[in-house]
Every structure is written in C-alpha cells, then in structure tokens.
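A.B. asks: Model the following, please.
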Amino acid sequence: ITLPDNLDDLRRTARKISVTPAILSDLVTLAVSLGISSLRAPTFALNAAQAHAALYERDTVTTGDVTIATALVYAHRATQIPQDDTPDDTPPDAPQNSIPQDHPLSIPQDILLDAIKAALPPDLLSNLDAKAKKRTIGSGSGAKRTGNRRGKPLPARQGPKASAARVDLVATLRAAIPWQTLRKRAQPDRTGPVFQQSDLRHKRYQSLSDRLLIFTVDASGSAAMARLAEAKGAVELLLSEAYARRDHVALIAFRGTDADLILPPTRSLVQTKKRLAALPGGGGTPLASGLTAALTLAQTTHQKGLTPTIVLLTDGRANVALDGTGNRALAATDAQQIATQIACNRVESIVIDTTIRPEKALRHLAQIMDATYVPLPRADAKGVSAAITTALA
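C.D. replies: Numbering: from 1, shown residues only. This next block holds a predicted model:
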C-alpha cells in the first residue's frame, strides 16, 4: 500500500467519512467495559477508523475499520477484562415496536473484544484477571459481604417477587415510570400506574465482617521463650485496639509433636491475659501441625462470618512430620503441602521470620502460601505488632 504524499489530504478525506450512530455507541460502550474512563480513547478510535477507511478509499466506516482501530487504540489502555454478567433490565412485556433496534452496521462486541485480546500478550490478560480476583485486606475490618438488612446501602438490583429482601420503592418506581405510556396504551382500562414483576427492585447493603488474626507461634527449641513473649505482647497490643479495628485474635502454639489452641478467638483483653499467663515451650518443631491447626481454625471461623488471617511466627526449621516422626525432609514436605492448601483456600497469611539471618526455606514456604514474608530478627512485641499492622495495610 502506498500512502499519499500529502497527509493533510488524507486527514481532510478522513473527516468526510460517514459513521453510523450505532458504531459511535459501540466505541463508547466497549471503552467503558474495558475500564477506560477517558473519552479521548473513543475519539482516537473514531479517528483511526475514519483514517483506515479513507486509506482504502471507502465512504463509510466498516466493521474491519472499527476492529483495527479498537485493537490499536484500546488494547494498551484496557485495565480490566469485561465479564458477561450485566443484567437485562428491559421489561419482557414491552411491545416490539417500542424498543429501538440496533443499526444494521452495529458491530457485535465479541468481535471487537477478540481483536483487542489478540493484540495483548497472554500473560498480561492472566495478570489482569488475577488482579481483579485477588482479595484485598485492610488495616481494620475484614472482607466485604452483601446482605439485605443492614450496612452501607448499595444500588438496588432486580430480583424475584418472593425474594426475602426488602423492596426499594424509589428504584421500583424509576424502573416502571418510563413504560407507563406504552402500558396505558395497551391497557386503557387500568387506572393508576401499571407495574410488572420485572419492575421490582430490592435493597442491598454492604457490611464488613470482623477480622480474626490467628497467631501461629513456634514454641520449640531454646528460643521458644523469646518468641512466646513477643507473640504474647503483640496479641495484647493488637487486642487493645480490637474495638476500633474490629479484630479478634487467636493463638496457636506448636511444639513437640502437636499444636495446641492456647487462645480461642476472642476480643476480651482480660481473658487473653489469663490464657497467656503460662505458655508451654520446648521440644521439636512440628511446623506442619501448626499450619494444619491454623487452617482448620481459619475454615471454621470463616463459616461463622469472620475473615481469618494467619500470622506465622517461626524460624522455619521444621523437624517433626505430621505423623510425629523426627524426619526433617518429611517435615518440610508436609509443611509445604499444608501451605499449598492454605493458598488454595485463599486464606490471607503473614510469615514472620525470627531468625538472625533470613531463612531461605521459610521465604520459599511463604511463596507457596501466597503470604507476606516479613524478616524480623530480634523484634520485640511492638515491632511484631507494627509489622503485622503494616502488612495488613
């Protein structure tokens, strides 16, 4: 293809290329679905489509012109992968002649999306999808939950007539009013507004679940007393802010051949001090048993509405397997298997390395758990509490 010598002539020709309103609507809708908030992108895509049509001496923008333009303009600007979960709010009983028909030149969205995806690297698409699905944790409350009784109001949604949620009267009226002229014309004998089941909108609320910090502390070896003292002080410091942060805490200590739940989930500082008065220490390092106990507690409390976060405080030198035998290789394998289960269950985790020099095995274990790794040698209770607060933020 030979480009014209004078690009100004091409620009003037491109401005005269006709574009249907349906294509303009498609460009804007596709930009929004890809997470592009600026109107400059649809404008650039329109200019590119017109220029491509003028290059091939066409008088009207075609599907091929728009496909190439969106791949060139939208691909590197996309911030999300659109999902096909938009509800259809069109009343099913509306007359066919009352719904505006798409222009015959309107382009299906899947064609444009396929062109944009083809212009993007596959790993970029997977990273965007993983980023959208990954849960975030805050310094205070836990996960967001949608209910129908109390919490922060959310936009109303269409639902069945037998739904237990409360009806949003204002949203229902807004959905029904635009159709009143057509419905009165179809039912002239009816008095007052005419409602259909598709008009019903129900209230939704967003509430925040309480967070549970599960301290899983290595109570084995000669450094057990120091680690237990750090964990004890950190638990008490975090509990002092529990009411403001909406946090519960629990403490699991593992030593010898098993793990013990020293402190069940609580927000009571008085009860915590009583339970932490005498903590056991010494013996082997059953790291896999400690992770198993933490995962079990996380699953149980998650079913009760809490958002669990595992805080592992250890030096990572596991030497006792799940069956109680003193086998370092088997103990490391068992710990990695439980860490994989924690990652598969999407339990947020923080691994605090208490060794003088960062332990490579513990860093690797944190990667398997998909946890935040914090090397913290010689840390006191305030340091542990500050590191946990920073990791949660």
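A.B. asks: How about the secondary structure of the nearest residue to residue 195 once chain neighbours are set aside?
C.D. replies: Leaving aside its sequence neighbours, residue 195 sits nearest to residue 176 (Cβ to Cβ, 6 or more residues apart in numbering; 5.3 Å). C-betas here are computed from N, CA, C, even on glycine. Assigned with DSSP: H, G, I helix; E, B strand; the rest coil, residue 176 falls in the helix class.
A.B. asks: number of nearby residues for residue 176?
C.D. replies: 19 (other Cβ atoms under 10 Å).
A.B. asks: can you check the one 3 residues further on too?
C.D. replies: Applying other Cβ under 10 Å, we find 22 other residues in the vicinity of residue 179.
A.B. asks: circling back to that earlier point, contacting residues for the residue nearest to residue 195?
C.D. replies: Residues in contact with residue 176 (Cβ atoms under 8 Å, 6 or more residues apart in numbering) are 193, 194, 195, 196, 199.
A.B. asks: now with 10 Å?
C.D. replies: By Cβ atoms under 10 Å, 6 or more residues apart in numbering, the residues touching residue 176 are 91, 183, 193, 194, 195, 196, 198, 199, 200, 201.
A.B. asks: Now which of these would you call buried?
C.D. replies: Among the contacts of residue 176, those that count as buried by neighbour count (16 or more other Cβ atoms under 10 Å) are 91, 183, 194, 198, 199, 200, 201.
A.B. asks: Among these, which are located in helices?
C.D. replies: Among these, the members found in helices (DSSP state H) are residue 183.
A.B. asks: could you dump the buried ones among the contacts of residue 176 to a markdown table with distance to residue 347 and pLDDT?
C.D. replies: Shown next, in a markdown table, are the buried ones among the contacts of residue 176 (distance: Cβ to Cβ, whole Å; pLDDT from 0 to 100):
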| residue | distance to residue 347 | pLDDT |
| --- | --- | --- |
| 91 | 44 | 48 |
| 183 | 52 | 86 |
| 194 | 51 | 87 |
| 198 | 40 | 83 |
| 199 | 42 | 85 |
| 200 | 38 | 85 |
| 201 | 36 | 84 |
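A.B. asks: Name the SS class of residue 31, please.
C.D. replies: Strictly by three-state DSSP, residue 31 counts as helix.
A.B. asks: The one 5 residues further on too?
C.D. replies: Classification of residue 36 by three-state DSSP places it in coil.
A.B. asks: list the contacts for the closest residue in space to it that isn't next to it in sequence?
C.D. replies: Nearest residue to residue 36, sequence neighbours excluded (Cβ to Cβ, 6+ apart): residue 77, at 5.1 Å. When contacts are counted by Cβ under 10 Å, 6+ apart, residue 77 touches 31, 34, 35, 36, 37, 38, 40, 41, 44, 45, 116.
A.B. asks: Which among those count as buried?
C.D. replies: Neighbour counting over the contacts of residue 77 (16+ other Cβ under 10 Å) leaves 31, 34, 36, 41, 44, 45, 116 as the buried ones.
A.B. asks: Pipe those into JSON lines and attach distance to residue 389 and pLDDT per row.
C.D. replies: Formatted as JSON lines, the buried ones among the contacts of residue 77 follow (distance: Cβ to Cβ, whole Å; pLDDT from 0 to 100):
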{"residue": "31", "distance to residue 389": "39", "pLDDT": "85"}
{"residue": "34", "distance to residue 389": "36", "pLDDT": "82"}
{"residue": "36", "distance to residue 389": "36", "pLDDT": "85"}
{"residue": "41", "distance to residue 389": "39", "pLDDT": "89"}
{"residue": "44", "distance to residue 389": "44", "pLDDT": "91"}
{"residue": "45", "distance to residue 389": "45", "pLDDT": "89"}
{"residue": "116", "distance to residue 389": "41", "pLDDT": "70"}
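A.B. asks: Could you count how many residues lie near residue 67?
C.D. replies: Residue 67 has 19 nearby residues by other Cβ under 10 Å.
A.B. asks: from the contacts of residue 77, which is closest to residue 189?
C.D. replies: Residue 189 lies nearest to residue 31 out of the contacts of residue 77, by Cβ to Cβ, at 46.1 Å.
A.B. asks: Would you agree residue 350 falls within a strand?
C.D. replies: Yes. Counting by three-state DSSP, residue 350 is located in a strand.
A.B. asks: follow-up on the earlier one: closest one of the buried ones among the contacts of residue 176 to residue 324?
C.D. replies: Nearest to residue 324, judged by Cβ to Cβ, of those is residue 201 at 58.5 Å.
A.B. asks: for that closest one, what are its contacts?
C.D. replies: 89, 155-159, 165, 167-176.
A.B. asks: Which among those count as buried?
C.D. replies: Buried members of the contacts of residue 201, counted by 16+ other Cβ under 10 Å: 156, 157, 158, 159, 165, 168, 171, 172, 175, 176.
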